[in-house]
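In: Take a look and give me a structure for this.
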Amino acid sequence: MKDIVFSIENNYKLAKDVYKMTLKGDVSEIKKPGQFVNIALPGFYLRRPISVCDKTENSLTLIYKTVGRGTQLLSSLSPGEKLSVLTGLGNGYDLSPSGERPVLVGGGVGTPPLYLLAKELIKNNKKISVVLGFNTADEVFYEEEFRALGCEVSVSTLDGSKGVKGYVTNALPDNYTYFYACGPEPMLKALYNAAKTDGQISFEERMGCGFGACVGCTKKTKNGYKRVCKDGPVFFKEEILWEN
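Out: From the prediction side, this is the model:
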């Protein structure tokens, strides 16, 4: 973990309430897909955790949704402005148990970390299916970017305005060897119950510090209490306990 000053290279609207930002700086602490960064914003006490969508040798791509005053401020920042960013947070996805035909399932802004994951799995010659779930067609993003990687992509929308009508579980492929997922908890729970295989789930959780000190994002698992920011955000399916 490092606190690094990044420079904003670009920051623009991608879909309804969704923005894409590229930051230039030291990315050496990002080792695995599924890790996240925690961004300090002027005038706000708590940082904003955002998953890493992609990286190059000297840049990070972040995709975020404007849901409050902090992310609204983030969306207003311009190229050239500087941000203090804690990098290298979280455990990331484990690629080893994926099998030959993994499926990647993203819900809304749970989609971004799956893009870097797809790129890493492709390097290992995996044949990848991707299922992206949104509420409406105007929220859909990164469908074509996944296709450009060579992934087989399905989209679901709750209102049926694009792709399969309903939930991501209605759009799962018939044959897959493993699943990776990130998204809102109701989606993750439904996928957990519907999945035919083992898998890994990345939780979206409100965080204070982002590195395990405040114990504000603790979840009960079959292996005891774990911090989403430090011990997660990725958990194996077999260790998850769902609270009613």
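
In: Now do the longest helix belonging to the chain: which elements does it pack against?
Out: In terms of residue count, the longest helix belonging to the chain (DSSP state H) is helix 112-123. If you count contacts as 3 or more CB pairs under 8 Å, 6 or more residues apart in numbering; DSSP states H and E, helix 112-123 packs onto strand 48-55, strand 59-65, strand 102-107, helix 143-148, strand 178-183. Heads up, the C-betas are built off the backbone N, CA and C, glycines and all.

In: again, only using 6 Å
Out: strand 48-55, strand 102-107 (3 or more CB pairs under 6 Å, 6 or more residues apart in numbering; DSSP states H and E).

In: Out of these, which is the most enclosed?
Out: strand 102-107 (a mean of 27; mean count of other CB atoms under 10 Å).

In: thought residue 62 was touching residue 50?
Out: Yes: with contact defined as CB atoms under 6 Å, residue 62 and residue 50 form a contacting pair (4.8 Å).

In: on that earlier part again, among the helices and strands packed on helix 112-123, which is nearest residue 214?
Out: With CB to CB as the measure, strand 48-55 is the member of those nearest residue 214 (12.5 Å).

In: what does that closest one contact?
Out: For strand 48-55, the external contacting residues (CB atoms under 6 Å, 6 or more residues apart in numbering) are 27, 30, 35-39, 60-64, 70, 112-113, 115-116, 207, 210.

In: Quick check on those: which are buried?
Out: Among those, those classed as buried by 16 or more other CB atoms under 10 Å are 27, 30, 35-39, 60-64, 70, 112-113, 115-116, 207, 210.

In: ok, and what's touching the lengthiest strand in the chain?
Out: The residue-count maximum for a strand in the chain (DSSP state E) belongs to strand 2-15. Residues outside strand 2-15 that contact it (CB under 6 Å, 6+ apart) are 19-26, 29, 77, 79, 81-87, 139, 141.

In: Stretch 204-223 now?
Out: By CB under 6 Å, 6+ apart, stretch 204-223 touches 1, 38, 49, 86, 89, 225-230, 239, 241.

In: how about the nearest residue to the residue of the chain positioned farthest from its centre, chain neighbours excluded?
Out: Distance from the C-alpha centroid of the chain, by CA atoms, centre = their mean, peaks at residue 43 (25.9 Å). The spatial neighbour of residue 43 that comes closest, neighbours along the chain excluded (CB to CB, 6 or more residues apart in numbering), is residue 73 at 7.5 Å.

In: and the one you found, what helix or strand is that in?
Out: Using DSSP states H and E, residue 73 falls within helix 69-76.

In: how distant is that helix from the center of its chain?
Out: Offset of helix 69-76 from its chain centre (CA atoms, centre = their mean, to the nearest Å): 19 Å.

In: could you dump that helix to PDB, C-alpha only?
Out: Output of helix 69-76 as PDB, limited to C-alpha atoms (Å, rounded to 0.1, in the frame of the first residue of the first chain):
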ATOM      1  CA  ARG A  69     -21.400  14.800  -3.100                       C
ATOM      2  CA  GLY A  70     -18.000  13.200  -3.100                       C
ATOM      3  CA  THR A  71     -18.300  11.400  -6.400                       C
ATOM      4  CA  GLN A  72     -20.100  14.500  -7.900                       C
ATOM      5  CA  LEU A  73     -17.000  16.500  -7.000                       C
ATOM      6  CA  LEU A  74     -14.800  13.800  -8.500                       C
ATOM      7  CA  SER A  75     -16.800  14.000 -11.800                       C
ATOM      8  CA  SER A  76     -16.100  17.700 -12.000                       C
END
